[in-house]
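1. Pasting a predicted model and its sequence here:
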Amino acid sequence: MKITVFGTGYVGLVTGACLADAGHDVLCIDVDQKKVDRLKNGDVPIFEPGINVLVKNNYDAGRLKFSTDASLGVAHGILQFIAVGTPPDEDGSADLQYVLAVARTIGANMDTYRVIINKSTVPVGTADRVKSAVEEELHRRGKADLEFDVCSNPEFLKEGAAIEDFTRGARIVIGTDSARVRELMHECYAPYNRNRDKLITMDVRSAELTKYAANAMLATKISFMNEIANLAELLGADIENVRHGIGSDPRIGYHFIYPGCGYGGSCFPKDVQALQRTAQSVGRPTPLLEAVEAVNNLQKEVLFDKLARHFGGPNALAGKKFAVWGLAFKPNTDDMREAPSRVLIDSLLAAGAVVQAYDPEAMEETARIYKGVSGLAFCDSKESAAKDVDALLICTEWKSFRAPDFEALASLVKGKVIFDGRNLYDPAALKDLGWHYSAIGRGENDSLRAPG
């Protein structure tokens, strides 16, 4: 099956590479010539486990191609996936300029039937806007009678496990009222649909809302657990025991109930905001979503607040040196968008502290973000980051951080102080080793307990 994917960012590249690996003939289109050249040379601009091999193998096999020629892309595939960015606008709503630009490009170049598929995360009603944009171009060209369909096929990819999610995901949501589209989409996803029928078909608007609802639900679980963790700390309870206690209930489950220093990334923050803006556009208040966002924003300040209390207030941090382990918003990615580490680093630098940072994959992106900023040093190992610091702070739960040599670490970290935003270690074990260890909701910090 011939398929075109517009956009070679995170979603577009994973989509194109996985569909090519299933045997389809895929052409990926991007406006960035440098990026296209890099991809042709096997240089993948994103970090995602397995994507480099997948892209190279399928490019070498001729099933995956890259180009900047949009007209070639429109001519290539009967399925036209739109997988470009939808960054938050100034008011938090999704910015659809890139999606609609692709829609107009397709309308300006198509000469036969095409299915235009919204793969990007877009607000409810976007399919109608895409349809109108295509119709305007066709009308301008005198081809108003040319048939096409617009379909919603939201992505459900976790960064760090995107290939697994695409190839073995729990569901494939298709939003359409067309039997022809359903047949073509079944053909597209047939290689991933052999064990059971994972395709869930529904109307377009329901499919668009499903994506936002899914991300908002997961973000809600995270913020709920963080709020309970903060309460547990004040009450002297251990949130890890609480987590096991509630996670064993199958109605709740263990997924997304890990407390921490807040969620980030390209999806949860902007999708919660975009869903709020969508609700506002139809006059519906969303107090729960507002609370989810507010709790998360506050949670990103928890590590700095703990640190400041320990050393006697924010003013006491000036001139001190701190190590930050983990910069990406989650492990197995180099994505720094909305990362909790950024809030922590910004607060430390504003307080006059010196920061030594390390991340297995996100160093280049962090250096780009903080280019020219003084007081921030980038280290080539977790050990060098911890050298001669007053405290160690952990923002990302990379596997390489899970079992450090605490004896060796004690010779690096003055005062043996750790503030752990991901609950990687056992508080009792660290206490026995002579460390001051403060995690999220572990009930170990008397200074946070409520009076009485």
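-> Good, I have the coordinates. Numbers count the residues shown, from 1 in each chain.

2. What ranges does the stretch 201-350 of the chain have for its strands?
-> 321-325 (DSSP state E, counting those that start in this stretch).

3. which intervals of it have sub-threshold pLDDT?
-> Counting by pLDDT under 70, the stretch 201-350 of the chain shows no low-confidence range.

4. Only the buried residues of stretch 335-349, if you could.
-> 335-349 (16 or more other Cβ atoms under 10 Å). To be clear about C-beta, it is placed using only N, CA and C from the backbone, and glycine gets the same treatment.

5. And stretch 296-312, by the same measure?
-> Residues of stretch 296-312 classed as buried by neighbour count (16+ other Cβ under 10 Å): 296, 299-304, 306-308, 310-311.

6. In the record's domain split, what are the boundaries for this structure?
-> The record's domain parsing of the chain by automatic domain parsing lists 2-201, 220-448.

7. of the ones you listed, which approaches Lys211 most closely?
-> Shortest distance between Lys211 and the domains of the chain, using Cβ to Cβ, is found for domain 2-201: 3.5 Å.

8. now the end-to-end length of that closest one.
-> Length of domain 2-201, first residue to last, Cα to Cα, to the nearest Å: 22 Å.

9. what separates it from the chain centre, distance-wise?
-> 18 Å (Cα atoms, centre = their mean, to the nearest Å).

10. Closest one to Asn118 out of the buried residues of stretch 335-349, please.
-> Arg337 (21.0 Å).

11. Can you tell me the closest non-neighbouring residue to that closest one?
-> Ser266 (4.9 Å; Cβ to Cβ, 6 or more residues apart in numbering).

12. Let me have the domains of the chain in CSV, adding distance to Ala214 as columns.
-> CSV is the format used below for those (distance: least, Cβ to Cβ, whole Å):
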stretch, distance to Ala214
domain 2-201, 7
domain 220-448, 9
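
13. Any idea which of those gets closest to Glu208?
-> domain 2-201 (4.5 Å).

14. Okay, and the beta partners of the closest residue to Asp388 other than its chain neighbours?
-> Counting by Cβ to Cβ, 6+ apart, Asp388 lies nearest to Lys321, which is 6.4 Å off, once chain neighbours are set aside. Beta-bridge pairing for Lys321 (DSSP bridges): Val354.

15. Quick one: residues contacting Lys321.
-> Listed by Cβ atoms under 8 Å, 6 or more residues apart in numbering, the contact partners of Lys321 are 353-356, 388-390.

16. Give me the buried entries from those residues.
-> So, by 16+ other Cβ under 10 Å, the buried ones in those are 353-356, 389-390.

17. Return the member of those nearest to Val74.
-> Checking these one by one against Val74 (Cβ to Cβ), the nearest turns out to be Val355, at 48.0 Å.

18. Verify the stated contact: the closest one with Val373.
-> No: counting by Cβ atoms under 8 Å, Val355 sits too far from Val373 to count as a contact (9.5 Å).

19. Between the two, which contacts overlap?
-> Common neighbours of Val355 and Val373 (Cβ under 8 Å, 6+ apart) are Leu349.

20. what's the spacing between Asn41 and Asn52?
-> Separation of Asn41 from Asn52 (Cβ to Cβ, to the nearest Å): 12 Å.

21. more neighbours, these two?
-> Asn52 (15 against 10; other Cβ atoms under 10 Å).

22. show me what contacts the more buried one?
-> With contact set as Cβ under 8 Å, 6+ apart, Asn52 has these partners: 42, 44.

23. Burial check on Gln273, number of neighbours?
-> Considering only other Cβ under 10 Å, Gln273 is surrounded by 19 other residues.

24. Can you say which helix or strand has the nearest residue to it once chain neighbours are set aside in it?
-> In space, and not counting its chain neighbours, Gln273 is closest to Gly92: 3.6 Å by Cβ to Cβ, 6+ apart. Following DSSP states H and E, one finds Gly92 outside all helices and strands.

25. gap between Gly92 and Thr86?
-> For Gly92, the distance to Thr86 - Cβ to Cβ - is 12 Å.

26. Which residues are in contact with His297?
-> Small correction: residue 297 is Asn, not His. Asn297 neighbours (Cβ under 8 Å, 6+ apart): Gly262.

27. Common neighbours of Gly92 and Thr86, please.
-> Contacts common to Gly92 and Thr86, judged by Cβ under 8 Å, 6+ apart, are 270, 274.

28. With only the CA atoms kept, save stretch 184-199 in CSV.
-> Only the C-alpha atoms of stretch 184-199 are listed here, as CSV (Å, rounded to 0.1, in the frame of the first residue of the first chain):
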residue,chain,number,x,y,z
LEU,A,184,-8.6,1.3,3.5
MET,A,185,-7.6,1.8,7.2
HIS,A,186,-8.1,-1.9,7.9
GLU,A,187,-5.8,-2.6,5.0
CYS,A,188,-3.2,-0.2,6.3
TYR,A,189,-3.2,-1.6,9.8
ALA,A,190,-3.7,-5.3,8.9
PRO,A,191,-0.1,-6.3,9.8
TYR,A,192,-0.7,-5.1,13.4
ASN,A,193,-4.2,-6.5,13.6
ARG,A,194,-3.7,-10.3,13.2
ASN,A,195,-4.2,-11.6,16.7
ARG,A,196,-7.4,-9.7,17.4
ASP,A,197,-9.3,-6.8,15.8
LYS,A,198,-7.8,-3.7,17.6
LEU,A,199,-9.5,-1.2,15.3
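
29. I'd like the mean pLDDT over that stretch, please.
-> Stretch 184-199 carries an average pLDDT of 91.

30. For that stretch, buried residues please.
-> 184-185, 188-189, 192, 199.

31. Okay, and which of these map to strands?
-> Leu199 (DSSP state E).

32. Going by distance to Arg442, which of the buried residues of stretch 184-199 wins?
-> Tyr192 (40.9 Å).

33. Grab the nearest non-local neighbour of the closest one.
-> Thr167 (5.7 Å).
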